[in-house]
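Undergrad: Have a look at this prediction, sequence included:
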Amino acid sequence: MLCVITSANAVSTSNDMSDEAIAKRLKPIGSVHVAGAAASTASASAGGTRSGEEVYSKACIACHATAGIGAPVKGNAADWGPRKEKGFDSLLTNAINGINAMPPKGTCMDCSDDEIKAAIEFMLQGT
């Protein structure tokens with residue numbers, strides 16, 4: 001059985017590149033429930049802050065281990081150097097809000113800002 005879902009908002013022909021317009025175009029149109037995901041979210045929110053390594057392994061590794069979509073590779077000083085020059089606060093702001101092809105918080109929507117910070121610190125080790 002083939003199911004096709006269409007939406008009048010699915011294709012935008014707007015050339016408006018303002019932050020507000022881009023955010024509107026990137027706004028999710030729904031959500032997905034993944035069986036078993038609630039348990040990991042519940043354990044993290046029950047006082048179990050995840051380490052930088054845990055967050056990296058869960059949410060960052062796909063791009064930051066392979067330079068996917070231009071992401072700086074974990075531990076690669078050449079990749080991280082220009083980004084570090086802008087300051088750690090800039091790195092954190094970009095990770096939380098998203099930058100270029102990286103969505104806000106990467107793929108860790110249930111991560112706290114402190115967990116994102118820990119993941120960045122983990123990826124910077126050795127740089």
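TA: Alright, I've got the coordinates.

Undergrad: which residues in the protein form strands?
TA: Under the criterion DSSP state E, the chain contains no strands.

Undergrad: what's the residue closest to the geometric middle of this structure?
TA: The residue lying closest to the centre of the chain (Cα atoms, centre = their mean) is Gly106, at 0.6 Å.

Undergrad: my guess is it meets Ala95, correct?
TA: Yes: with contact defined as Cβ atoms under 8 Å, Gly106 reaches Ala95; the gap is 6.8 Å. Every residue, glycine included, has its C-beta placed from N, CA and C.

Undergrad: so what's in contact with those two at the same time?
TA: The overlap between the contact sets of Gly106 and Ala95 (Cβ atoms under 8 Å, 6 or more residues apart in numbering) consists of Ile116.

Undergrad: ok, now which ones touch the residue nearest to the centre of the chain?
TA: Shown in contact with Gly106 (Cβ under 8 Å, 6+ apart): Ala59, Cys60, Cys63, Ala95, Ile116.

Undergrad: Filter those residues down to the buried ones.
TA: Buried subset of the contacts of Gly106 (neighbour count, 16 or more other Cβ atoms under 10 Å): Ala59, Cys60, Cys63, Ala95, Ile116.
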